[in-house]
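Asks: got a structure for you, letters missing:
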């Protein structure tokens, strides 16, 4: 399945910060076919550095999508039955308007003049896209990590538009630990002299800072066990220590590779904006009373966490589940055993597929019966 | 942290002696919570045939996975702790099938069932059955029978109770018993149930206004 990314444009979007973006573009892909009743649409929302290319083979890059093992004919998000949409988030750098986009007022990239955005702003723009496709109600919104935050925000902000919500390996508010790791990433970028207060689009990007930020990120996505299995203390192309500060260990080589690779596909300012949006995310708006956020929500939920995920630990998912139970909501929950840490939602697919497939099928049955 | 749960051998619905009775007393289009619901077979059946609003709690992740994959909304959690979150009267029926003897605090579980549900349906293997008594009397060892097939050291059963024990509990704590149903194999037992019945099913409730 070769797929292409489309762009939708809207006149403007009003943001939580009070600012307005004029105009705004959103990159998106779709898979499968929208049925005549327009009742089989599923929005898949991506994690921090993901993009609109969730499934199939990209026409431009030849690469498979980030959730290709979950989306496609006969897969968990079965494109023979469902119409799946994925878009790049607001503030991103893969087709949707973000800090690297040209500000029409100045004909230069926004850089730090780009307004600070929130998860709710991302969802607001997704809603504009969904409505423009003629879809009034989504069968489901599903996503992992920051994608899960968007899925939850959808259910809370537009409950009438979301029949079922699948938040995976996520949280209802960013914790101190999550904010702390994001701040280390931001500081790494801003400490790079090439960052130049965000004004680097006509010179060279803060590649070293961005690479370090990504290295930290990658550590948080794995687990002690998965790193031990993958790298152990193995040396990289040598028999003994180099007694210098070059690469000795496999794990160093891996992190350096991942860091440098990331620089070629991600904008450092987007890193700052998106991590800030994650850190501001709190479904209870600082009240601590999550129950109020969900009070009028009729959406069904399938909440999934992974046992070795220490970045978005299971207790955060269980807090969501408990609140939904207090409200006598329709919620299924499973803490799937996995060694892969936070990455599990992208790589540990078999059991996750089983859950999603059954949950979507019963949601579709309920929808037909209603 | 948690020790892996011992999974009871699961049998098909038709082979479960209490199933027909449970299925027969649940009114259509009601709200049903099944505690220790396993793979969700009962809930799936009730959803399909009685159009109930089905919810389940199960501790084993692999069983939860199977239940969710058949479309039942099941929560992975502990029965002993899990009920506290539900509001009063959230369900018409709360089912506890063959699991009471595995809970840490059976009394608390039964009280909680009657708080969150209008009726509680509780089935359990009868430790007063003659076969159990016989086994204990003649071997001098913890009884191992068809009903209690485990060795004492790996049994999921941590509280053993007879039908008489359960009757006493209900009387002492003013749990209203609406129906009783006793089985030997799949046949009803009417005489000397505490001696003759292998399985007991009690329906408690409906809840009184003042509790």
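Replies: Alright, I've got the coordinates. Being a predicted model, the structure only gives us computed values, none of them experimental.
Asks: so how far is residue A:306 from residue A:359?
Replies: Note on residue A:359: its distance to residue A:306, by CB to CB, to the nearest Å, is 17 Å. Yep, even glycine has a C-beta here, placed from its N, CA and C like the rest.
Asks: before we move on, what about residue A:179?
Replies: According to CB to CB, residue A:179 stands 21 Å off from residue A:306.
Asks: so these two - more neighbours on which side?
Replies: Neighbours per residue, other CB atoms under 10 Å in any protein chain shown: of residue A:179 and residue A:306, the larger number sits with residue A:306, 29 against 16.
Asks: let me know the pLDDT of the nearest residue to the more buried one once chain neighbours are set aside.
Replies: In space, and not counting its chain neighbours, residue A:306 is closest to residue A:344: 4.0 Å by CB to CB, 6 or more residues apart in numbering or on different chains. What the model reports for residue A:344 is a pLDDT of 96.
Asks: surely residue A:344 meets residue A:311?
Replies: No: judged on CB atoms under 8 Å, residue A:344 makes no contact with residue A:311 at a distance of 10.7 Å.
Asks: for these two, indicate the residue with more neighbours.
Replies: Per other CB under 10 Å, whichever of residue A:344 and residue A:311 has more neighbours is residue A:344, with 28 against 21.
Asks: tell me the secondary structure for that one?
Replies: Assigned state for residue A:344: helix (three-state reduction, DSSP: H, G, I helix; E, B strand; the rest coil).
Asks: what's near enough to touch it?
Replies: A:169, A:306, A:308, A:309, A:336, A:338 (CB atoms under 8 Å, 6 or more residues apart in numbering or on different chains).
Asks: list phi and psi for the second one.
Replies: Same thing as residue A:306. phi -130, psi 140 (degrees, to the nearest 10).
Asks: what helix or strand does the closest residue to chain A within chain B sit in?
Replies: Across chain B, the shortest distance to chain A (CB to the nearest CB) belongs to residue B:71, at 2.8 Å. If you go by DSSP states H and E, residue B:71 is not part of any helix or strand.
Asks: buried residues in stretch A:10-24?
Replies: By neighbour count with 16 or more other CB atoms under 10 Å in any protein chain shown, stretch A:10-24 contains the buried residues A:10, A:13, A:15, A:21, A:24.
Asks: pLDDT, distance to residue A:128 and secondary structure for those residues - can I get that in CSV?
Replies: Listed next are the buried residues of stretch A:10-24 as CSV, based on pLDDT from 0 to 100; distance: CB to CB, whole Å; DSSP: H, G, I helix; E, B strand; the rest coil:
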residue, pLDDT, distance to residue A:128, secondary structure
A:10, 98, 5, strand
A:13, 98, 7, strand
A:15, 98, 13, coil
A:21, 97, 12, strand
A:24, 98, 8, strand
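Asks: now distance to residue B:85 too, for those residues, in TSV please.
Replies: Shown next, in TSV, are those (distance: CB to CB, whole Å):
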residue	distance to residue B:85
A:10	41
A:13	38
A:15	36
A:21	41
A:24	41
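Asks: farthest pair in these?
Replies: Largest separation among the buried residues of stretch A:10-24 by CB to CB: A:10 and A:15, giving 12.9 Å.
Asks: need the pLDDT of residue B:8.
Replies: 41.
Asks: what comes up buried for stretch A:42-60?
Replies: Neighbour-count burial for stretch A:42-60, counted by 16+ other CB under 10 Å, picks out A:42-56, A:58.
Asks: what mean pLDDT does that stretch have?
Replies: 97.
Asks: got it, and stretch A:128-137?
Replies: 98.
Asks: before we move on, what about stretch B:124-141?
Replies: Stretch B:124-141 comes out at a mean pLDDT of 94.
Asks: also stretch A:348-364?
Replies: The average pLDDT within stretch A:348-364 is 94.
Asks: distance from it to the middle of the chain?
Replies: Averaging C-alpha positions (CA atoms, centre = their mean, to the nearest Å) puts stretch A:348-364 19 Å from its chain's average.
Asks: for the chain, what spans make up the helices?
Replies: As the question left the chain open, I've gone with chain A. For chain A, the helices defined by DSSP state H cover A:119-132, A:146-157, A:176-190, A:207-221, A:224-230, A:250-263, A:268-280, A:290-294, A:314-326, A:344-347, A:350-369.
Asks: can you look at chain B instead?
Replies: With DSSP H as the criterion, chain B has helices spanning B:19-25, B:41-50, B:61-69, B:79-82, B:106-116, B:130-139, B:163-172, B:193-196.
Asks: for the fourth one, packing partners?
Replies: When you say that, I think you mean helix B:79-82. Under the contact definition 3 or more CB pairs under 8 Å, 6 or more residues apart in numbering or on different chains; DSSP states H and E, helix B:79-82 sits against helix B:106-116.
Asks: if you set the cut-off to 10 Å instead, what comes out?
Replies: Applying 3 or more CB pairs under 10 Å, 6 or more residues apart in numbering or on different chains; DSSP states H and E, we find helix B:79-82 packed against helix A:314-326, strand B:31-35, strand B:53-58, helix B:106-116.
Asks: for chain B, which spans come out with low pLDDT?
Replies: Under the criterion pLDDT under 70, the flagged ranges of chain B are B:1-15, B:208-211.
Asks: about what we covered before: just flag the most distant two among the contacts of residue A:344.
Replies: A:169 and A:308 (10.6 Å).
Asks: neighbour-wise, which of these two wins?
Replies: Using other CB under 10 Å, the more surrounded residue of residue A:169 and residue A:308 is residue A:169, with 30 against 21.
Asks: need the helices and strands packed on helix B:79-82 in TSV with mean neighbour count and distance to residue A:71, can you?
Replies: Formatted as TSV, the helices and strands packed on helix B:79-82 follow (neighbours: other CB atoms under 10 Å in any protein chain shown; distance: least, CB to CB, whole Å):
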stretch	mean neighbour count	distance to residue A:71
helix A:314-326	21	22
strand B:31-35	25	32
strand B:53-58	25	28
helix B:106-116	20	38
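Asks: which one, of the ones you listed, ends up nearest to residue B:194?
Replies: So among the helices and strands packed on helix B:79-82, helix B:106-116 is nearest, using CB to CB, at 17.8 Å.
Asks: got the residues of chain B near chain A?
Replies: When proximity is defined by CB under 10 Å from any CB of the partner chain, chain B lies next to chain A at B:31, B:40, B:44, B:47-48, B:51, B:53-58, B:61-77, B:82-87, B:89-91, B:116.
Asks: hey, what's the residue nearest the centre of chain B bridged with?
Replies: With distances taken as CA atoms, centre = their mean, residue B:97 lies nearest the centre of chain B, 2.2 Å away. Note on residue B:97: beta-bridge partners by DSSP bridges are residue B:123.
Asks: now the stretch 251-370 of chain A against chain B: closest residue?
Replies: Closest to chain B within the stretch 251-370 of chain A is residue A:362: 2.8 Å, counting by CB to the nearest CB.
Asks: contacts only, for that residue.
Replies: Residues in contact with residue A:362 (CB atoms under 10 Å, 6 or more residues apart in numbering or on different chains) are A:164, A:300, A:302, A:332, B:44, B:47, B:68, B:69, B:70, B:71, B:72, B:73.
Asks: most packed of the helices of chain B?
Replies: helix B:61-69 (a mean of 23; mean count of other CB atoms under 10 Å in any protein chain shown).
Asks: quick one: distance of that helix to the chain centre.
Replies: Centre-to-centre, helix B:61-69 and its host chain are 19 Å apart (CA atoms, centre = their mean).
Asks: now do it against strand B:31-35, angle only.
Replies: Angle, helix B:61-69 to strand B:31-35, by axes from the mean of the first three to the mean of the last three CA atoms, to 10 degrees: 160 degrees.
Asks: what is helix B:61-69 packed up against?
Replies: Contacts defined by 3+ CB pairs under 10 Å, 6+ apart place helix B:61-69 against strand A:300-306, strand A:331-336, helix A:350-369, helix B:41-50, strand B:53-58, strand B:73-76.
Asks: dump those to a markdown table, plus distance to residue A:100.
Replies: A markdown table is the format used below for the helices and strands packed on helix B:61-69 (distance: least, CB to CB, whole Å):
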| stretch | distance to residue A:100 |
| --- | --- |
| strand A:300-306 | 33 |
| strand A:331-336 | 36 |
| helix A:350-369 | 33 |
| helix B:41-50 | 50 |
| strand B:53-58 | 47 |
| strand B:73-76 | 42 |
